[in-house]
Structures are given as structure tokens and as C-alpha cells.
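K.L.:
Okay, sequence plus prediction incoming.
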Amino acid sequence: MSAGDCAVSVDAGNSAVFLSTHKNIDRRQIGILGGSEGGRIAVLTASRFAVLTFAISFAGTVVSMEDDRIYAQMGSLRSRGVPDSVIAAVEPLWRRSFAAWASNNPAAHDRVNIEIMAASGNTDYAIVVLPRVGHAPVDVETTRMVRIDNIVLNWLDAHLIRR
């Protein structure tokens, strides 16, 4: 379980604990629902917080997030006709990328992702470094949202619209 999974699970479970103290809530009927990754988190949370009396997981995985993502990536590449030899070559890079992401070290994660781009043969990409910004576009020091929309729009304009 990644640190992110744990934090989301704890937040969801603590929300259920809070609801259980409300006078208008029947604590015997508090459950959790989630789809896809949220379905996995729902089951994880229900297993950790006794106040949750049921969990509904739709399209939730029963494997680790890493294995789920890698399986999805490999399936996507196979469906596009990418040879298994290429997929086998990039799978270790994906696993390193997920391990770097789980370590909460954005710089290490970015370095591995750059290796993945280089290994793919794709030369048409841009790298933008946003200091103090992790997985979500939020400044880790100020906790303010970082506006990335102009960066994205300018890139789209330069690389897709004006071609």
C-alpha cells in the first residue's frame, strides 16, 4: 500500500467515524463506495474502520496499485500492436517509476519518467518543472493551488493547434 492510499483510506475512515457521532445518522448503516482505484480504497478502508458496516467496490482492483497500473499500460500497448519485447523492456522502468512515486521523491520520479520517454523513442514531448509541486498541482509550502492551465494551453497551442 502506498503512502497516498493510506492517507486517503485514513481520511475516508475518519469521515465515517465523524458521521457515526451525528445524532441523525444510524451508525449501523454507514458504508463506503468507490469505483476503480476508489473501489480498492473502499475495501481497504472498510477493513480498517469497524464503523463501516459495508463496502461497495465497482470496477475496483484486487491487486496492488502498481500491478494494476502496469497491467493497464501493458494491455494498452499490446492493443496498439507494440511488440512484447518492447513492453518487456519498459516494464522495469515503470516499476522504478512507481517505486519512486511511492517514495514521495518527485525528482526521482521525474528522472525515471524521463528515462521512460527516452526509451519509448518519443521525441515530441515537453518537460515543465514546477518547483515545490508534487503529484497534485499544489505548492507544498503554501498549500495553494498552482495554476497549470496556461502551461498546458500554451503547449497545446504550440504543438497541436499551430501545426
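P.N.:
Looks like it came in fine.

K.L.:
And this protein, split by domain according to the record?
P.N.:
Per automatic domain parsing, the structural domains of the chain span 3-58, 64-123, 126-163.

K.L.:
Columns mean neighbour count and mean pLDDT on top of these, output as a markdown table?
P.N.:
Placement of C-beta: from N, CA and C, glycine included. Output for the domains of the chain, formatted as a markdown table (neighbours: other Cβ atoms under 10 Å; pLDDT from 0 to 100):
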| stretch | mean neighbour count | mean pLDDT |
| --- | --- | --- |
| domain 3-58 | 15 | 85 |
| domain 64-123 | 14 | 78 |
| domain 126-163 | 10 | 76 |
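
K.L.:
I'd like the distance between the nearest residue to V17 once chain neighbours are set aside and G13.
P.N.:
Setting aside the residues directly before and after it, V17 is nearest to V51 in space (Cβ to Cβ, 6 or more residues apart in numbering), at 5.4 Å. Applying Cβ to Cβ, to the nearest Å, the value for V51 to G13 is 8 Å.

K.L.:
and if you look at R96?
P.N.:
For R96, the distance to G13 - Cβ to Cβ - is 31 Å.

K.L.:
Same check on R40?
P.N.:
14 Å.

K.L.:
While we're on S2, how confident is the model there?
P.N.:
Looking at S2, its pLDDT is 55.

K.L.:
And the helices in this protein?
P.N.:
3-20, 37-48, 65-79, 84-102, 106-120, 149-156 (DSSP state H).
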